[in-house]
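Asker: sequence first, predicted model second:
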Number of protein chains: 2
Amino acid sequence: MKKGQSTRQMIVDTALNQSVRLGLEGVSLGNLAEDVGLSKSGLFAHFKSKEALQLAVLEEAVGRYMRLVVEPALKKPAGLPRVRALFENYLDWIAGEHEAGGCPFVTFVQEFDDRPGAIRDMLAKSQRQWRVGFASAIGTAMERKEIARRADPEQVAFELIGAALAFQTSLRLLGERGCRVRALAAFDRITS
Amino acid sequence: MKKGQSTRQMIVDTALNQSVRLGLEGVSLGNLAEDVGLSKSGLFAHFKSKEALQLAVLEEAVGRYMRLVVEPALKKPAGLPRVRALFENYLDWIAGEHEAGGCPFVTFVQEFDDRPGAIRDMLAKSQRQWRVGFASAIGTAMERKEIARRADPEQVAFELIGAALAFQTSLRLLGERGCRVRALAAFDRITS
DNA sequence: TTACAATACGACCGATCGTGCTATTATTTC
DNA sequence: GAAATAATAGCACGATCGGTCGTATTGTAA
């Protein structure tokens, strides 16, 4: 009862690490099996289909995101400090200080935003949840007058997410060293 | 001398349209050949390798971008109107009012930002050129005091590109109707 | 220790991948 | 028009794809 769960976890972990680089479709069962140290059929037995594996990978990514980005920020005081922690943790997540390879969601969204199906649905759902939660934290900061700006929280969330996305491209494609400073400057301007 | 060029162009056009949805790697020669109405080997003869085809596709994307986004904006007066035109044309390009499927560069960047090679190099080069040109237009608007804000043009370009990227996700994955208004609101705030 | 279920393996399927080689057409040039 | 050249089709290749099946091995509970 125990062995199966742990190897399954190892498979999903490895698959997520590969997915960040190759995309969800780019991960092949054969290559993944070799990486994990299993036979292809032995690996496949844990999932009834490749899509099921992809969904498990996506779920694992959400879990990691919660652990590394959201939960640490929830330990900060509500209001602007928490918003700032969410943003900075997100930058760290993108920069891959915890794991290597950038933000899996950005990769997956580009891959599946025009492919209807279970993965796109789960992706959209998790993105919506994240945006709602993020906007909620921003709303709290606004109620406390820690964000002087007059705008709805969703607009602020929209702009902050944009700054993070620009950060990702600048960092991972262009390799610009100053892009973290740019992202933080954008944060200050957006939340003031 | 003429026939080859025109069929080659048709191949690249079709390949670009497919690439926006499936990614550059996702386009298969067999499927593409069927779509164009050629045999697989007949199509392949135009390019010595798949990578050469991908590079041609990327070049075509740059050409379309110049035609649909940059050149129309250059007809506007220099300064803020031109910056605004660049931004709005970029939103249109993402929304796919001209062609269907979103911004190919965003897709390609996610696909190749961690895969060293000719494609990544060309992608980075074109992105740098675009950012430099965009920042230059912004700089002109600043010199004319049409952008009151005190910041370097690259910072403003960084934030505007971020707004456009957030627009892309909101539109194509989440299907939010109000995201164009959000992007334009971000533009006004960033350029003031 | 035995018995049963969970787990993993190897071989294999049809399909498709990118890529050559060889004819056979179209097209261009003289 | 013929000769030369470019363009396309047919076919096959080794590799790999996701997926299936029967069997062996292993872990677990009695």
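Answerer: Cool, the structure landed. Numbering: from 1, shown residues only, chains lettered A, B, ... in the order given.
Asker: what about the helices in chain A?
Answerer: Counting by DSSP state H, the segments of chain A that form helices are A:3-22, A:29-36, A:40-44, A:50-65, A:71-74, A:80-95, A:104-112, A:118-143, A:153-172, A:179-190.
Asker: out of these, which gets nearest to residue B:66?
Answerer: Each of the helices of chain A was checked against residue B:66 via C-beta to C-beta, and the shortest separation belongs to helix A:153-172, namely 19.7 Å. C-betas here are computed from N, CA, C, even on glycine.
Asker: list the contacts of the closest residue to residue A:130 other than its chain neighbours.
Answerer: In space, and not counting its chain neighbours, residue A:130 is closest to residue A:65: 7.8 Å by C-beta to C-beta, 6 or more residues apart in numbering or on different chains. Shown in contact with residue A:65 (C-beta atoms under 8 Å, 6 or more residues apart in numbering or on different chains): A:93, A:105, A:130.
Asker: quick one: find the helix or strand in chain A with the lowest mean pLDDT.
Answerer: helix A:3-22 (a mean of 93; mean pLDDT, DSSP states H and E).
Asker: which strands or helices does that one pack on?
Answerer: Using 3 or more C-beta pairs under 8 Å, 6 or more residues apart in numbering or on different chains; DSSP states H and E as the contact criterion, the secondary-structure elements in contact with helix A:3-22 are helix A:29-36, helix A:50-65, helix A:104-112.
Asker: and among those helices, the most buried is which?
Answerer: Each of these was given a mean neighbour count from mean count of other C-beta atoms under 10 Å in any protein chain shown, and the largest, a mean of 23, is that of helix A:104-112.
Asker: how distant is it from the center of its chain?
Answerer: Mean C-alpha position of helix A:104-112 versus that of the full chain (C-alpha atoms, centre = their mean, to the nearest Å) differs by 9 Å.
Asker: that one to helix B:104-112, inter-axis angle?
Answerer: Following axes from the mean of the first three to the mean of the last three C-alpha atoms, to 10 degrees, one obtains 120 degrees for the angle between helix A:104-112 and helix B:104-112.
Asker: can you name the residues of chain A sitting close to DNA strand C?
Answerer: Taking C-beta under 7 Å from any atom of the strand as the test, the list of chain A residues beside DNA strand C reads A:1-5, A:7, A:37-43, A:45-46.
Asker: residues from chain A in reach of DNA strand D?
Answerer: Checking chain A against DNA strand D by C-beta under 7 Å from any atom of the strand, the hits are A:1-3, A:27-31, A:40-41, A:44-45, A:48-51.
Asker: do you know the pLDDT at residue A:102?
Answerer: Per-residue confidence (pLDDT) for residue A:102: 86.
Asker: based on its surroundings, how many neighbours for it?
Answerer: Using other C-beta atoms under 10 Å in any protein chain shown, residue A:102 has 22 other residues around it.
Asker: excluding chain neighbours, give the residue nearest to it in space.
Answerer: Using C-beta to C-beta, 6+ apart and skipping residues adjacent in sequence, the residue nearest residue A:102 is residue A:172, 5.3 Å away.
Asker: in chain A, which residue sits nearest DNA strand C?
Answerer: When distances are taken as C-beta to the nearest atom of the strand, chain A reaches nearest to DNA strand C at residue A:4, 1.9 Å away.
Asker: from residue B:135, how far off is that residue?
Answerer: 54 Å (C-beta to C-beta, to the nearest Å).
Asker: where does residue A:102 fall, phi/psi-wise?
Answerer: Here the main-chain torsion angles of residue A:102 (degrees, to the nearest 10) amount to phi 90, psi -170.
Asker: poorly predicted segments of chain A, please.
Answerer: A:1, A:97-100 (pLDDT under 70).
Asker: same thing but at 90, please
Answerer: With pLDDT under 90 as the threshold, chain A has low-confidence stretches at A:1-4, A:96-102.
Asker: how about the contacts of residue A:65 in CSV, adding distance to residue B:69?
Answerer: Listed next are the contacts of residue A:65 as CSV, based on distance: C-beta to C-beta, whole Å:
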residue, distance to residue B:69
A:93, 31
A:105, 27
A:130, 30
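Asker: of the residues you listed, closest to residue B:70?
Answerer: Nearest to residue B:70 among the contacts of residue A:65: residue A:105, at 30.0 Å, using C-beta to C-beta.
Asker: so that closest one sits against residue A:126, correct?
Answerer: Yes: Residue A:105 sits in contact with residue A:126 when judged by C-beta atoms under 8 Å, with a separation of 7.5 Å.
Asker: number of residues surrounding the residue nearest to residue A:31 when sequence neighbours are not counted?
Answerer: Distances taken as C-beta to C-beta, 6+ apart place residue A:18 nearest to residue A:31, at 7.7 Å, with adjacent residues excluded. Number of residues near residue A:18 (other C-beta under 10 Å) recorded here: 19.
Asker: now do the same contact list for residue A:18.
Answerer: By C-beta under 8 Å, 6+ apart, residue A:18 lies in contact with A:26, A:27, A:31, A:32, A:35.
Asker: all set now, cheers.
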